[in-house]
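*Asks:* I'll drop the sequence and a predicted model, then ask my questions.
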Amino acid sequence: MKKERSFVEGSVFGGMIRFALPVLGALILQAAYGAVDLMVIGRFGDASGISAVGTGSTFMQMVTFVITSLAMGFTVIIGQHIGEKKPKEAGDAVGTTIVLFAIIGIVMTILLEIFAGNLMTLLQVPEASYDKAVLYVRICSGGILVIIAYNVISGILRGVGNANLPFLFVGIACVVNIIGDLFFVAVLKMDAAGAALATVLAQLVSVIASLLVLRRQKLPVSFAFAQCRIHRQELKKILNIGIPIALQEAMVQISFLVINTIVNHMGLMPSAGYGVAQKIISFIMLIPSSVMQTVSAFVAQNVGAGKPDRAKKGFFTAIITGCSVGVFIFFAGFFGGGFLSAFFTQDAEVIAQSALFLKGFSADCILTCVLFSCIGYFNGYGNSIPVMLQGITSAFCVRIPVSILMSKLPNTSLMLVGLATPITTIYGIGFFFICFVWMRRRKNGAF
């Protein structure tokens, strides 16, 4: 069965759905093995462990998202080369990516191992959770190269239209992580350190499995080991797209870390509740994330094939489909926050704090489907500068100031802090609307 999907012909909705479902499945499993860490800690640990894993995993999630965002650069370039029917150039992009990300991984590992303590101090981790959070980050940092390897492999596969194999690989990681959490945390009582070990081990097993499977796959890319070097032309293309996307994601994630710091300052229980809420949100936001990845791959192939109208049709299809599902997720977050939080902890106060944050946040479930579709559309065109500008201005001009304002209101609560996210998304949608109008005028309606 052919697993590489061409987006340049056939039904737009059908093609996107068949690609988006395994992407969504992979994201669900990826979020699941992160959530299992907190769930097991919540059952076999205490509030300090929940706070440590909540803050530590939020930081590592930022690192992963930045890596994934940078990887979007070569996903788009490979997709465009496939649309252009240039397998050799696609292979050069793969070789450049392998060398580039190996260097990035080594540098990031060294920096995070050295400065883990400083980072947790900066995030104002509660004293009871500090040592556990530092150890969690240092153990996870030791697996940065593994995280990068997974994202490089997945990015290559999605660039050629194959979302099924990344789904398989993350499924393997999920199973290993659950077994590892139960062994390290429940049996060996290693608390946050055990959760970190289980995560790294799961990712390592997944990468090994992916390499074994890829040896048997025939991809529409002409690649040989000799191409594992920096090809300047491909590097320039990858970085021109990937750096603005990664910078945008970094600013967004830094703004969420600032919110984490604000909440940590509110006390141990709000910190623990926020940690639980963030794990639930990691599931809630899967629909928009899968929409963005699908739109990026769809638009990239159609732009490469010279079909901008079809690319635009895919963009609007993604908005309508994503928002339709987002309505149901909104109701689950707004009315069922307490029920969802109870899966992670039995502490009534932590559950209550988590539910409050979810009430404020939940409108974003619908709004982000529009925002992420816009991001995917611009990324697919290889025009990631507006994405970067939106991310930076959203983070520092809206999300952080609004969060600080909400946290300082009389009788404030996590619900008010949670409102900062949908307010920021409304700004982002308005920003892209202006960009669309400007780009269409500049290109005489061709964008």
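*Replies:* That came in fine, so what should we check first? Numbers count the residues shown, from 1 in each chain.

*Asks:* only C-alpha atoms for contact and neighbour calcs from this point on.
*Replies:* OK.

*Asks:* need the strands for the chain, in chain order.
*Replies:* Counting by DSSP state E, no segments of the chain form strands.

*Asks:* center of it - which residue?
*Replies:* Closest residue to the average C-alpha location of the chain: F65 at 4.4 Å, with CA atoms, centre = their mean.

*Asks:* which residues touch S255?
*Replies:* S255 makes contact with 395-396, 399-400, according to CA atoms under 8 Å, 6 or more residues apart in numbering.

*Asks:* Give me the pLDDT for it.
*Replies:* The model reports S255 with a pLDDT of 83.

*Asks:* Do you know the pLDDT at the residue nearest to the centre of the chain?
*Replies:* 75.

*Asks:* how close does it get to S289?
*Replies:* Distance from F65 to S289, counting by CA to CA, to the nearest Å: 11 Å.

*Asks:* do the same with R232
*Replies:* Applying CA to CA to R232 and S289 gives a distance of 30 Å.

*Asks:* Have a look at these two and say which one is more surrounded.
*Replies:* Between R232 and S289, counted using other CA atoms under 10 Å, S289 has the larger neighbour count: 23 against 12.

*Asks:* show me the contacts for that one.
*Replies:* S289 neighbours (CA under 8 Å, 6+ apart): 24, 372.

*Asks:* so where's the stretch 251-400 of the chain shaky on pLDDT?
*Replies:* Residues of the stretch 251-400 of the chain meeting the criterion pLDDT under 70: none.

*Asks:* Would you map the helices across it?
*Replies:* Ranges of helices in the stretch 251-400 of the chain, per DSSP state H, counting those that start in this stretch, are 268-284, 286-304, 308-335, 337-341, 348-361, 364-380, 385-393, 400-407.

*Asks:* Please apply the same query to the stretch 1-150 of the chain.
*Replies:* 12-44, 47-83, 87-122, 130-141, 144-159.

*Asks:* To N302, which of those lies closest?
*Replies:* Closest approach to N302 among the helices of the stretch 1-150 of the chain (CA to CA): helix 47-83, 6.6 Å.

*Asks:* quick one, that closest one and helix 364-380 angle?
*Replies:* 40 degrees (axes from the mean of the first three to the mean of the last three CA atoms, to 10 degrees).

*Asks:* can you pull the buried residues of helix 47-83?
*Replies:* Of the residues in helix 47-83, 47-60, 62-83 count as buried by neighbour count, 16 or more other CA atoms under 10 Å.

*Asks:* so V99 makes contact with H231?
*Replies:* No. Checked against CA atoms under 8 Å, the pair V99 and H231 is beyond contact range at 10.0 Å.

*Asks:* distance between stretch 66-78 and the chain's centre?
*Replies:* 12 Å (CA atoms, centre = their mean, to the nearest Å).

*Asks:* Please report how far S206 lies from Y136.
*Replies:* Applying CA to CA to S206 and Y136 gives a distance of 20 Å.

*Asks:* what do you get for G376?
*Replies:* 32 Å.

*Asks:* Please apply the same query to V76.
*Replies:* 33 Å.

*Asks:* what does V107 give?
*Replies:* Taking CA to CA, one finds V107 at 19 Å from Y136.

*Asks:* and if you look at R216?
*Replies:* With distances taken as CA to CA, R216 is found 36 Å from Y136.

*Asks:* ok, now L389?
*Replies:* Following CA to CA, the distance that separates L389 from Y136 is 32 Å.

*Asks:* Show me which of these two is the more surrounded one.
*Replies:* Taking neighbours as other CA under 10 Å, L389 and Y136 compare with Y136 leading, 25 against 18.

*Asks:* residues contacting the more buried one?
*Replies:* Neighbours of Y136 in contact, by CA under 8 Å, 6+ apart: 52-53, 56, 192-193, 195-196.

*Asks:* now the residues you listed in a markdown table, with pLDDT and distance to M39?
*Replies:* Formatted as a markdown table, these follow (pLDDT from 0 to 100; distance: CA to CA, whole Å):
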| residue | pLDDT | distance to M39 |
| --- | --- | --- |
| A52 | 84 | 13 |
| V53 | 83 | 10 |
| G56 | 83 | 15 |
| A192 | 85 | 11 |
| A193 | 88 | 14 |
| A195 | 87 | 10 |
| A196 | 88 | 13 |
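
*Asks:* Just give the nearest non-adjacent residue to Q203, would you?
*Replies:* Spatial nearest neighbour of Q203, excluding adjacent residues (CA to CA, 6 or more residues apart in numbering): A173 at 5.6 Å.
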